Every structure is written in structure tokens, then in C-alpha cells.
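J.: need coordinates for the below:
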Amino acid sequence: MGLDLESISEATSGAIGSLVSTTILYPLDTCKTKYQAEVRAHGQQKYRNLSDVFWEAIQNRQFLSLYQGLGTKNLQSFISQFVYFYGYSYFKRLYLEKSGAKRIGTKENLVLAAAAGACTAILTQPLDTASSRMQTSAFGKSKGLWKTLTEGKWTDAFDGLGISLLLTSNPSIQFTVFDQLKNRLLKKKQDKAGNGSSPEALSASSAFALGAISKTIATILTYPAIRCKVMIQAVDSNDNETDKAQKKSRKTVPGVIRAIWKSEGVPGFFKGLHAQILKTVLSSALLLMIKEKITASTWVLILATRRFLLLSRGGLKNA
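T.: Numbers count the residues shown, from 1 in each chain. Below you'll find the model as predicted:
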């Protein structure tokens, strides 16, 4: 029972952190996604810089449209982070229990994080696809979640699932780097304080810095796949894509790779990298900072709730 409660505590704090960071940075996320999804046509492109997306919304008096799809994104973010952190925490504890090891090595950590990421990707892919389509729709013309999901074939909701599974390596790299850096930093603090002292929690600034470093490394290594995924998911909401055959081709990994290579060359695979790093680093750093700060409170709340339920159950039995 203790194992499950600890995993739920980790998952809840991670999901809350994700919800807050997603809401704060959503306009930046919308600009980033629309910028990434654009394909240069006949040597011309609508957005030359990330800021062009923002100014388009301002000039068209559609600033609030930068929040289109926020509800779906928050739902997807909360569920995915809860599932991921629960799975990651559960798999780590299960591994230590079954193997008898005292600590988890880097290779094992990567495998466990990838397993948790794969479970998350499969369960939340429809919401991820819907949020991307809503963000890349023309400002003011975004459709609701249900209409977005029910348009076309049901399999369309899983567009980009293959790349999403490949991208499980992103959080795997991120959290492995974060855990390793965190453990080293806490060990140094513990050594300075004395061998008998208990390990301290990370400060907000330390958690932010480690989160930024770990996410930057993961983002750079996986970015070409990230852009391909956004382009595949945004096909149905891209006004420039009028040819059905072209749309069908763009829904496949080889098709989107050819489109990028033909119109933009090698640099195209890294178009928007700076925007991705800015958004994901800030988002991840905020998430991990919030998670570190509320984990203890969440654990206390869960224990208190469990105790209340047990006492209530005991009272009913006595009655």
C-alpha cells in the first residue's frame, strides 16, 4: 500500500506542476507550434520568426486565440504527467524491490523512463493530436475537442503515435539527467553537513536550473523527430495544404521528411529549435520546481486522506 501511495504522491505533484507550467506558457506554446507546423511553399513562408505568429494575433485582434486549445492541452498535460510520473515512480520502486539493488543505474533508469513514457504516449495520443490541431488552426477558427477528434477516421486521432513512442527517449533522457544531477548535488550537501544528517530537498532555484539543463540536452537530441510529429498532427488544420494526395503523404514519417528536405533542406529539420528549447526548458524547469516544492505537501495530504478514510470505515463498522 505504501508503494502505491508514494507513486500517487509523485504522480499528483508532477501533474499539478505540469498544469501550472502549461497554463503560464501556453501563448508561447501556440506560437511555437504554428511556427513549427508551417512548410515553406514555392520559396515563401508566412512566418519568418517566432514573433511573427504573436504579432499576427495582435494585428488581427485575436490575442485570446493564442489560448485556443488550452483546455485540451491542460487535460492532456495533466493526464500524461500523472500517468508518466506514476509509472516512472512505480517502475523504479518495483525494480528496486525485485532486483534487491540499492540504487538504479543510468541504463536501468533510461529503460524504466522509456516504459513509463510509452504507456503515457499510447493513452494520451488523441488529446495530444487534438491540441496540436487546435493550436495550428487559423486564429479564431479552432474547433472544440469533440469535433476535432471525430473529424475524419478514428485512426486520425493517433497521428504521430509512432514518433511519440520514439520521443519517449526525450523525457527518459531528461529525467535521467535530472535525477543524476540531483543526486550528486544532494550528496555534496549531505557530505558537507555530515554523514549522519538527512538529505535536504532541492531549493527552487536549484530545481529550476537542473530542470533547464536536463531538458535542453533532451530537446537538442530529439528535435528533428519533434518537428516531424508537429507537422504530421497539423496536416488537417494547415490552410496551405489543399491537395488531398499531399495531405495523405504528409501524414507519414517518410512523407514529412521528404517535404522538409525538399523545401527547406537540412536546416529545416531544426526549424524552431530555439523556440522549442525556450518553451520546453521553461515549462520543464517550472514543472520540476513546482513538483519538488509540493511533493512533501501532497504526500502529507494523501496520508491524511487515507487516515480519514480508514477512520471513517472503522466508524461505520462499529456503528
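J.: so where's the stretch 1-150 of the chain shaky on pLDDT?
T.: Applying pLDDT under 70 to the stretch 1-150 of the chain flags residues 1-7, 40-44.
J.: which residues of it fall in helices?
T.: Secondary structure of the stretch 1-150 of the chain (DSSP state H, counting those that start in this stretch): helices at 2-24, 26-37, 50-59, 70-99, 106-136, 145-150.
J.: and after the shortest one, which helix or strand comes next?
T.: In the C-terminal direction, the helix or strand that comes right after helix 145-150 (DSSP states H and E) is helix 161-166.
J.: neighbouring contacts of that following helix?
T.: 118, 121-122, 125, 128, 225, 228-229, 232, 253 (C-beta atoms under 8 Å, 6 or more residues apart in numbering). Glycine gets a C-beta too; all of them are placed from N, C-alpha and C.
J.: next, format these as a markdown table and append neighbour count.
T.: Converted to a markdown table, the contacts of helix 161-166 look like this (neighbours: other C-beta atoms under 10 Å):
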| residue | neighbour count |
| --- | --- |
| Ala118 | 17 |
| Ala121 | 24 |
| Ile122 | 13 |
| Gln125 | 20 |
| Asp128 | 24 |
| Ala225 | 19 |
| Cys228 | 23 |
| Lys229 | 25 |
| Ile232 | 23 |
| Val253 | 15 |
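J.: out of the helices of the stretch 1-150 of the chain, nearest to Phe308?
T.: Phe308 sits nearest to helix 2-24 of all these, at 13.7 Å, using C-beta to C-beta.
J.: that older thread, quick one: which of the contacts of helix 161-166 is nearest Leu19?
T.: For those, the minimum distance to Leu19 (C-beta to C-beta) is 15.4 Å, reached by Asp128.
J.: pick the most deeply packed of the helices of the stretch 1-150 of the chain.
T.: Neighbour counts (mean count of other C-beta atoms under 10 Å) averaged over each of these peak at helix 26-37, with a mean of 23.
J.: other SSEs contacting that one?
T.: helix 50-59, helix 70-99, helix 106-136, helix 204-233, helix 273-318 (3 or more C-beta pairs under 8 Å, 6 or more residues apart in numbering; DSSP states H and E).
J.: compute the inter-axis angle for that helix and helix 106-136.
T.: 90 degrees (axes from the mean of the first three to the mean of the last three C-alpha atoms, to 10 degrees).
J.: give me the contacts around helix 26-37.
T.: Residues contacting helix 26-37 (C-beta under 8 Å, 6+ apart): 22, 47, 50-54, 66-70, 73, 132, 135-136, 226-227, 230-231, 234, 238, 271-272, 275-276, 278-279, 282-283.
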